Structure formats: structure tokens, C-alpha cells
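J.: Output the structure for:
(one chain, ligands or ions: 1)
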Amino acid sequence: MIEFKNKPDKLQPVIASDNRLTETFDSYAEDYDLSFNNNFIGRYQRQRVHELLAEQLTPSQFILDVGCGPGSDFAFYQKMNLSVEAIDVSKRMVQIARQRASALIYNIDIHQSSLERFDTDRRYDVIILNFGVINAMDYFDKSMLKLKRLLHADGRLIIIAMPPVHIFFILEAMLKLRLKQTWQRMVQKYAVLPNGLKVHYFTKQDFKKHFCIEKAENLGAFMPTPHQYQKRPFIRRYSQWAMHLEQTIKTMLPTAIGGDHVYYALRPVRHNE
Ligand SMILES: C[S@@+](CC[C@H](N)C(=O)[O-])C[C@H]1O[C@@H](n2cnc3c(N)ncnc32)[C@H](O)[C@@H]1O
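T.: Residues are numbered from 1 along each chain as shown. Prediction:
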């Protein structure tokens, strides 16, 4: 019989920004599968991420899934035969992730913790921040340094980040004359959600300060966001066509053209580089 390691976490001091993150993502948790994982655009992007990850990962590697959400990638990790530990700041996301791991009969240590508070002596072969986890982090440089410390020297960091430029976002913002919002995202590289949570947008140059970029690929450059897809039937029809276009030209596109997300495979910089 498999013994699950997932036990309730010991209470640790929680800082104010953790509370806002927890509240925000607790409120997304119930609908997360519907809005993202079972949404055509979300599924398309995740499938592309899994194809790219499969080129990188080898069985029994030790993985840290930072911001695991409801365990969206657990079935994929299991199929790849990986040994996984996961953290998420949201209590509700962690509860759902634990249920998912149990349903899969997959032994994953899942902690309710922010990256900032996560404390361990372990080192990981690969650390994954999938689907915009990095965009919710207020302290980019500190987070990058922490992630580097948690990696083996020859480890890899995989980040799937929302970039400042996404054609569909710009189109909608322009049509609605949301000029300030467009300026903030594209030039100042942030947005403030209605609940006050600040979202940050990153480019290749930001990651280059801390890591070597092994691969950078746009996900959904000509496609809408999952939310736009849900709202409008004509966008749903267009998306099927756009997916074929993107699959044909995806490797020719510079990352500056953006997308709903961009996939980055990063390697720590060596001393002699
Ligand atoms: C958009 S969801 C992505 C979930 C999952 N990675 C996926 O691919 O579906 C972002 C997740 O990151 C978590 N998160 C955000 N900031 C975090 C932080 N600083 N430390 C740990 N988890 C964080 C949120 O609670 C949320 O579950």
C-alpha cells in the first residue's frame, strides 16, 4: 500500500503579501480546471509545455513544482516517472492538489508555502513554475536567487511566464480604449487586478540577468487568452484556425512578439561564462 507523505503543514508565520496571494488564488481554485485546464487555449498551451518539457526531463529526476495550483501537471509528471515535491501558497489549491495526487495514487510531498518562506536543504534537478506563477511574485531578483540556490549546479529552471506583449490583450485593450492599462503592461510591465494583486510581466532580458537561456518559445502568440476564448463564440472559431497557423510558424517567431505565455528553459550561469 502506498503511504502518502502529505500531512497538514506546521503553522509558520505568514507575511502580508502571502495573505493577499492566498486569498486571490483560494478564490480561483474551484473554477481553475474549468477556466484553464479544460479550456481549449489553456489545454493547447499546457500540451505544448509538456512537449517541450518531455525533451528536457529524464525518468526519476527530482522535481520541485513551485505554485503547483490544483496539481495541473501531476498526471504528466507521473507519466514521465518523476519524483516530485510541490509547494503552493494557496491553502485551497494545496487541498485540491493533494486530492489529485491521491486520486492518481502518486506520492508527492505538497506543502502550503510561498517560495519566499519555503525552507529546505534539498536540491532539485528541475524546478518548474508553470502558467504564470512568476507573474505573481513581487520580488523578482530575490526569487531568482532563491530558485538558483534550490537547484543542483547542472539543474534546469523552467518558467512559463506571461510577457508584456500579447497581441490579443493589446487588441482588446485598444478596442476598449484602455490606454493606461496597455501602457502599464507593455511599458511599465505590471497590472493591478481588481482585488489589488499586482501582476508583473517579464521579458527574456529579465531572466538573462540570472540564468542562461537554453530555450524560449512563445505559447499562443496569435491566440486569445483562455478568458477571451470563453467569452466570445467568434473568437472560439478563430482559435481553431490560429492554432494551426501557430503550429506551422512557432519556431520562427521571436519571443518579443509575445504570447499568452512564453516558455523559458534556463540554466544557472557558470563561473567561467
Ligand atoms: C496561475 S496558477 C498556476 C498553477 C499551476 N502551476 C498550473 O500550471 O496550472 C499560479 C499558482 O501559483 C501560486 N503562487 C503564486 N505566487 C506564489 C508564491 N510566491 N509561492 C508559491 N506559490 C505561489 C498560486 O497560489 C497559484 O496556485
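
J.: Where does pLDDT dip in the stretch 1-150 of the chain?
T.: In the prediction, the stretch 1-150 of the chain carries residues with pLDDT under 70 at positions 1-17.

J.: where along it do the helices fall?
T.: In chain order, the stretch 1-150 of the chain shows helices spanning 16-29, 32, 40-56, 74-79, 91-104, 140-150, with DSSP state H, counting those that start in this stretch as the criterion.

J.: right, and those helices - which one's nearest Ala265?
T.: Shortest separation from Ala265 across the helices of the stretch 1-150 of the chain is recorded for helix 40-56, at 6.1 Å, computed as CB to CB. Glycine gets a C-beta too; all of them are placed from N, C-alpha and C.

J.: So is stretch 225-237 next to the ligand?
T.: No - interface with the ligand: stretch 225-237 contributes nothing (CB under 6 Å from any ligand atom), its closest point being 10.4 Å away.

J.: where does the stretch 101-250 of the chain come near the ligand, residue by residue?
T.: Within the stretch 101-250 of the chain, the positions lying close to the ligand (CB under 6 Å from any ligand atom) are 114-116, 130-133, 136-137.

J.: out of those, who's nearest Arg123?
T.: If you rank these by distance to Arg123 using CB to CB, Leu115 comes first, at 15.1 Å.

J.: do you know how far the closest one is from Met174?
T.: 35 Å (CB to CB, to the nearest Å).

J.: next one: Asp125
T.: When CB to CB is applied, the distance between Asp125 and Met174 equals 43 Å.

J.: now do Ala242
T.: When CB to CB is the yardstick, Ala242 and Met174 sit 19 Å from each other.

J.: out of those two, which sits in the more crowded spot?
T.: Set side by side, Ala242 and Met174 show more neighbours around Ala242, with 19 against 11, by other CB atoms under 10 Å.

J.: now what about the helix or strand harbouring Gln228, what contacts it?
T.: Taking DSSP states H and E as the definition, Gln228 sits inside helix 226-231. The contact list for helix 226-231 (CB atoms under 8 Å, 6 or more residues apart in numbering) reads 35-36, 39-42, 168, 172, 223, 235-236, 239, 260.

J.: For whichever strand or helix holds Gln205, which outside residues touch it?
T.: Applying DSSP H and E as the criterion places Gln205 in helix 204-208. With CB under 8 Å, 6+ apart as the test, helix 204-208 has contacts from 140, 144, 159, 213, 216, 255-256, 262, 264, 266.

J.: buried ones in it?
T.: Of the residues in helix 204-208, those scored as buried under the neighbour-count criterion (16 or more other CB atoms under 10 Å) are 206-207.

J.: now the strands: where do they sit in this protein?
T.: Taking DSSP state E, the strands of the chain run over residues 62-66, 83-88, 109-112, 124-129, 151-161, 190-192, 198-200, 211-219, 261-268.

J.: Make a markdown table from those strands and add distance to Ala75 and mean neighbour count to it.
T.: Conversion of these to a markdown table gives the following (distance: least, CB to CB, whole Å; neighbours: other CB atoms under 10 Å):
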| stretch | distance to Ala75 | mean neighbour count |
| --- | --- | --- |
| strand 62-66 | 12 | 24 |
| strand 83-88 | 11 | 23 |
| strand 109-112 | 15 | 22 |
| strand 124-129 | 14 | 23 |
| strand 151-161 | 17 | 20 |
| strand 190-192 | 31 | 14 |
| strand 198-200 | 27 | 17 |
| strand 211-219 | 19 | 18 |
| strand 261-268 | 19 | 22 |
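
J.: which one of these lies closest to Gln247?
T.: Judged by CB to CB, the one of the strands of the chain that comes nearest to Gln247 is strand 211-219, at 11.4 Å.

J.: now what about the closest one, what contacts it?
T.: Outside of strand 211-219, the residues that reach it under the criterion CB under 8 Å, 6+ apart are 44-45, 48-49, 52, 144, 148, 156-157, 160, 204, 207, 250-251, 253, 255, 257-269, 273.
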